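J.: could you look at this predicted model? Sequence included:
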Amino acid sequence: MEITSAVVGTMGNNAYLLTDAGEGLLIDAADDPLALLALIGDTPVNTIVTTHQHHDHVAALKAVAEHTGARLVAGAPDADAIEGTAGVAIDERVWDGDAVRVGNVELEVIGLVGHTPGSITLVHRSDDGRPTHLFVGDSLFPGGVGRTNTPEDFTSLLDDVTAKLFDRFADDTVVHPGHGDPTTLGAERPHLSEWRERGW
């Protein structure tokens with residue numbers, strides 16, 4: 001599987017194009033449809049996955065979906081909000097234990113509650129010993145978890161990120177966030193207790 005990306009919009013959103021066996025999957029049609037269509041090029045994009053409901057991650061969703069004819073996938077708890085914000089219909093609502101395919105690759109879905117009620121991460125495990133890749137939306141960044149609005153949301157997000165990501169995957173696992181540069185779980189793991197103490 002190949003991974004390419006583009007930074008779009010005034011908030012510097014990362015959009016990721018995953019391709020395998022001549023088929024594409026786009027993660028977060030965030031903004032700037034022309035830039036996203038340039039990223040896609042001639043690749044048939046059959047699926048667009050939205051990591052969470054925030055407006056800066058769905059601004060180009062309707063336009064790119066109409067151009068590609070792709071089916072739309074999102075976390076079940078966020079799907080209604082995405083439909084309302086983006087003016088689209090979500091075709092598949094997913095959560096823990098579900099999977100999304102691109103070409104011959106199956107991507108595991110992990111639900112993370114806290115940044116929004118229905119944020120999702122997509123997991124790509126390589127079968128040739130290369131590192132695992134996590135496409136985490138705004139749930140995890142270099143230096144901390146994503147923004148939360150209440151102490152309860154923060155605790156929920158950090159608990160989920162710890163149990164569902166850090167406790168499951170190796171240090172060389174690559175984290176692809178919704179904004180900014182990638183990191184690894186190994187780079188962030190030593191700081192988990194610090195994040196919990198500071199509360200953000």
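T.: That came in fine, so what should we check first? None of the values given here were measured: they were computed from a predicted structure.
J.: OK, contacts around residue 106?
T.: 99, 100 (Cβ atoms under 8 Å, 6 or more residues apart in numbering). Yep, even glycine has a C-beta here, placed from its N, CA and C like the rest.
J.: repeat the analysis, applying 6 Å as the threshold.
T.: residue 99 (Cβ atoms under 6 Å, 6 or more residues apart in numbering).
J.: so what's it bridging to?
T.: Assessed by DSSP bridges, residue 106 has beta-bridge partners residue 101.
J.: and it, how far is that from residue 125?
T.: Relative to residue 125, residue 106 is positioned 9 Å away (Cβ to Cβ, to the nearest Å).
J.: ok, now residue 18?
T.: Relative to residue 125, and taking Cβ to Cβ, residue 18 is found at 13 Å.
J.: more neighbours: these two, which one.
T.: Taking other Cβ atoms under 10 Å, residue 18 and residue 125 do not tie; residue 18 has more neighbours (27 against 14).
J.: would that one count as being in a helix?
T.: No: counting by DSSP: H, G, I helix; E, B strand; the rest coil, residue 18 is not found in a helix; it is strand.
J.: mind listing what's buried in stretch 90-107?
T.: 90, 93, 94, 98, 100, 102, 103, 105, 107 (16 or more other Cβ atoms under 10 Å).
J.: for the second one, give me its contacts.
T.: In this case it means residue 93. Contacts of residue 93 by Cβ under 6 Å, 6+ apart are 76, 79.
J.: mind checking how far it is from residue 75?
T.: For residue 93 relative to residue 75 (Cβ to Cβ), the value is 7 Å.
J.: mutual contacts of those two, please.
T.: If you check residue 93 and residue 75 against Cβ under 6 Å, 6+ apart, no residue is contacted by both.
J.: list the buried residues for stretch 74-94?
T.: Buried, per 16+ other Cβ under 10 Å, within stretch 74-94: 74-79, 81-83, 85-86, 88, 90, 93-94.
J.: typo on my end, stretch 52-64
T.: 52, 53, 54, 56, 57, 58, 59, 60, 61, 62, 63, 64.
J.: quick one on the thing from earlier: export the buried residues of stretch 90-107 as a markdown table, with columns for pLDDT.
T.: Below are the buried residues of stretch 90-107 laid out as a markdown table (pLDDT from 0 to 100):
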| residue | pLDDT |
| --- | --- |
| 90 | 98 |
| 93 | 98 |
| 94 | 98 |
| 98 | 98 |
| 100 | 98 |
| 102 | 98 |
| 103 | 97 |
| 105 | 97 |
| 107 | 98 |
